[in-house]
Structures are given as C-alpha cells and as structure tokens.
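Undergrad: pasting the sequence and the predicted model now:
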Amino acid sequence: MALVRERRQLNLRLPLPDFSERRPRFPLPLPPTSQSSTATGTATATAAAPTTCAANFVAADYEKLQVLGHGNGGTVYKVRQKRTSAVYALKVVHGDSDSAVRRQIFREMEILRRTDSPFVVRCHGIFEKPGGDVAILMEYMDAGTLDTLLKSNGIFSEPSLANIARQVLDGLNYLHSHKIIHRDIKPSNLLVNRDMEVKIADFGVSKIMCRTLDACNSYVGTCAYMSPERFDPDTYGANYNGYAADIWSLGLTLMELYMGHFPFLPAGQRPDWATLMCAICFGEPPSLPEGASEEFRSFMECCLQKESSKRWTVSQLLSHPFVISNAPRSERRS
Ligand SMILES: Nc1ncnc2c1ncn2[C@@H]1O[C@H](COP(=O)(O)OP(=O)(O)OP(=O)(O)O)[C@@H](O)[C@H]1O
C-alpha cells in the first residue's frame, strides 16, 4: 500500500524496478560490435538461438514500408527484404534512447533469443549498429494485435475467445516451462495474423527466473492488468512465484475482449491508477455479464482468483472444459 502514497501521477505504466533488480543475473550476449561495419548502415546481427539469420544485417537490404506502431521508446516498422521480398516487422530503439528503454529492449532481445515456439512471436535476427541503435527483426503479424482487432471488428465470440485462450495458454506453457514470466499480458501485446494465430510479444518487462525461489514481485508492466498479489503480496501472494500473475492478466484480457471494455471499469470511463489499484485489491474480481456460458464463467473464475495460490495453472487451464470443448475437432481429446 505504500506504493499508493508514493504514486501521485496517473500513469498506467508502472516504473521499472531499481536497476539492481532489473539487471540480468548473467551476462547479456550482445552482438559483437567489433564486426560492425561502417557508417553506411551495415550492422552486425546475431541470430536468435533457435532461428537462423544472415550473418550481416545491411540496412539497405530492407525497405521500410510503413510504421506499425510506437512502443515504449521504440518504433516498429513493416519492412521488406529486397532480395526475397519477404516481409518482417523491425523494432528499432535508437542509441540516444534513455537507459531504461535500452534495458527493456536488451531484456526483450535476451528472451527472444531463447524462445522457439509457434505461440511466441518469432525473432529472425538481432542487430546493433555502431551508433548504438538496436533492432529486432521479427515475423510480421499481418492482423495487428488483439487490441486493434477489438477496436476495428468489435467484441469476440466465446468460441473465438476459447481459441485465443488456448493459444495464449500454449504460449505461456512454453514460457513458464522455460522459467520466463511475461508480466505484461494484455490485448496490445498479443499479435495476430490473418489465420487467427495468436502469438505472445513484447518481452520488455519479462523476467527469467534464475532460481526457484526468485522473488518476482516487482512493479513492472501495465498496472491495469496486474494481479492483486503484485500490488499486495502480503495479502494475496502466499507462496507467490510470479507465474500466476500471467494467468490473472490473461483472464482480464479475455474478459475485455468479450465485454469490449476494461472489466474493472464501466464502458467509456477513463481509468486512473489509484481507482484501478483499489478496485483490484479491495473489490471483488470482475465477473461476466448475463448471457455468458457456464463454462466461460467457470474459466474466468479459475483465472481471476484474487489469492494467487488458488488460481489455476496453465496446464490446469489447458484442460478446462471451456478450452477443450471449443477446441478444433482435430485437437479434441477423446
Ligand atoms: N511482429 C509484429 N508484427 C506486426 N505488428 C507488430 C509487431 N510487433 C509490434 N507490432 C506493432 O507495433 C506496435 C508497437 O509494438 P511494441 O512492442 O514496440 O510496443 P507496445 O507493446 O505497443 O507498447 P509497450 O512497449 O509500451 O508495451 C504494437 O502495438 C503492434 O501494433
């Protein structure tokens, strides 16, 4: 609760924790700058571990097609490789960005290097230019994010939400089994393509758990989607290990996609940090409006338990009737 007193500004993005907590516990393997070429735009590239990429990234080989969006300090471009015409998304953070922004992209680079899952956005290369610009070449997700889809197409049906839930749970299953906690699951961090494949993206505030007992109660991420134990670990975080926070955020995300507005607030109301934090910590978890099926309602209750130890795990939720009964026929277990 001390956090409430410290917090005066209305800002849904919480600050990063102290630098000592954010610093990776092992050396970050940055691309070797010694191979960087000249000021003509050539930069070194390192392949993400499981993927392949060209040994050298030459900016001139890629044509910028459009700006896809601006994140916290960086810009994402749609680019085309001139030789192959292959289209990618290129996230660029400039060398003169502030140190917090640069640490976020290094954290994202570190995680994307380690991940290889159809449910996590694929990284094709990581680049550092001599001037300090850093870029991540990613697979291009041509339908944008779940947030943009909600705004353009309106609310989602239960079967499509079950499909989304299953894919995000598969992604979280992969991440959690590799001791990675995302910490910022929300509609705008879930990318979509035209086949309605959903992939987890934006690992700027994620955490790799190095030891089983690593604390993971730092106030990073977007506070609207934060679980009660991240604000108040004493009350809601018995045996808190951090993984359950991603489940809470997934529950809120799905509910928002169903209702069309952020669940803790009436439609159209602009959230402020203090109101939200009080609602999350002192209020009842949000529930679905009339008309929702019993299966969906039950799934939500399993995700939105305020006490983190009562929340279902990823593998439990993957077996929940809401996910199973809406799964494509080919994937249903007998
Ligand atoms: N691989 C991708 N394919 C297609 N669009 C993308 C891709 N990655 C990012 N984008 C677009 O670029 C936008 C900015 O992404 P970015 O990861 O930099 O920040 P963000 O998640 O929106 O914000 P923040 O970093 O502040 O949480 C996204 O909202 C999305 O619209």
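TA: That came in fine, so what should we check first?

Undergrad: quick one: low-confidence ranges for the stretch 151-300 of the chain?
TA: Applying pLDDT under 70 to the stretch 151-300 of the chain flags residues 210-221, 237-240.

Undergrad: what does this structure have sitting close to the ligand?
TA: Within the chain, the positions lying close to the ligand (C-beta under 6 Å from any ligand atom) are 68-69, 71-72, 74, 76, 89, 91, 121, 138-141, 144-145, 188-189, 191, 201-202, 204. (C-beta placed from N, C-alpha, C; glycine too.)

Undergrad: just the buried members of these?
TA: Among the residues of the chain next to the ligand, those buried by neighbour count (16 or more other C-beta atoms under 10 Å) are 68, 71-72, 74, 76, 89, 91, 121, 138-141, 144-145, 188-189, 191, 201-202, 204.

Undergrad: now, these that are in strands?
TA: 68, 76, 89, 91, 138, 139, 191 (DSSP state E).

Undergrad: got the contact list for the fifth one?
TA: Each residue near residue 138 by C-beta atoms under 8 Å, 6 or more residues apart in numbering is listed here: 88, 89, 90, 91, 112, 121, 122, 123, 124, 201.

Undergrad: could you measure from it over to residue 101?
TA: Distance, residue 138 to residue 101, using C-beta to C-beta, to the nearest Å: 18 Å.

Undergrad: coming back round to it: I'd like the ones in strands among the buried ones among the residues of the chain next to the ligand as CSV, with distance to residue 152 appended.
TA: Listed next are those as CSV, based on distance: C-beta to C-beta, whole Å:
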residue, distance to residue 152
68, 15
76, 18
89, 19
91, 22
138, 22
139, 21
191, 15
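
Undergrad: what's in contact with whichever helix in the chain runs longest?
TA: Secondary structure of the chain per DSSP state H: the longest helix is helix 158-177. Contact with helix 158-177 is made by 115, 117-120, 146, 156, 181-182, 185, 190, 196-200, 206, 243, 246-247, 250, 253-254, 257-258, 292-293, 296, 299, 314-315, 317-318, 322-323, 325-328, as judged by C-beta under 8 Å, 6+ apart.

Undergrad: same question for stretch 290-310.
TA: Under the criterion C-beta under 8 Å, 6+ apart, residues 158, 161-162, 165, 227-229, 236-240, 244-245, 247-248, 250-252, 254-255, 258, 285-288, 311-312, 316-317, 320-323, 325 lie in contact with stretch 290-310.

Undergrad: ok, and for that stretch, which residues are buried?
TA: Of the residues in stretch 290-310, those with enough neighbours to count as buried (16+ other C-beta under 10 Å) are 292, 295, 296, 299, 300, 301, 302, 303, 304, 305, 306, 308.

Undergrad: please parse this structure into its domains.
TA: For the chain, automatic domain parsing gives the domain ranges 26-31+38-139, 146-331.

Undergrad: how far does the longest one sit from its chain's centre?
TA: This means domain 146-331. Centroid displacement of domain 146-331 relative to its chain, using C-alpha atoms, centre = their mean, to the nearest Å, is 10 Å.

Undergrad: and the strands in the stretch 151-300 of the chain, which stretches?
TA: For the stretch 151-300 of the chain, the strands identified by DSSP state E, counting those that start in this stretch occupy 180-181, 190-192, 198-200, 207-208, in order along the chain.

Undergrad: name the strands paired with the first one and say parallel or antiparallel.
TA: By that I understand strand 180-181. Using DSSP bridges, strand 180-181 pairs in its sheet with strand 207-208 (antiparallel).
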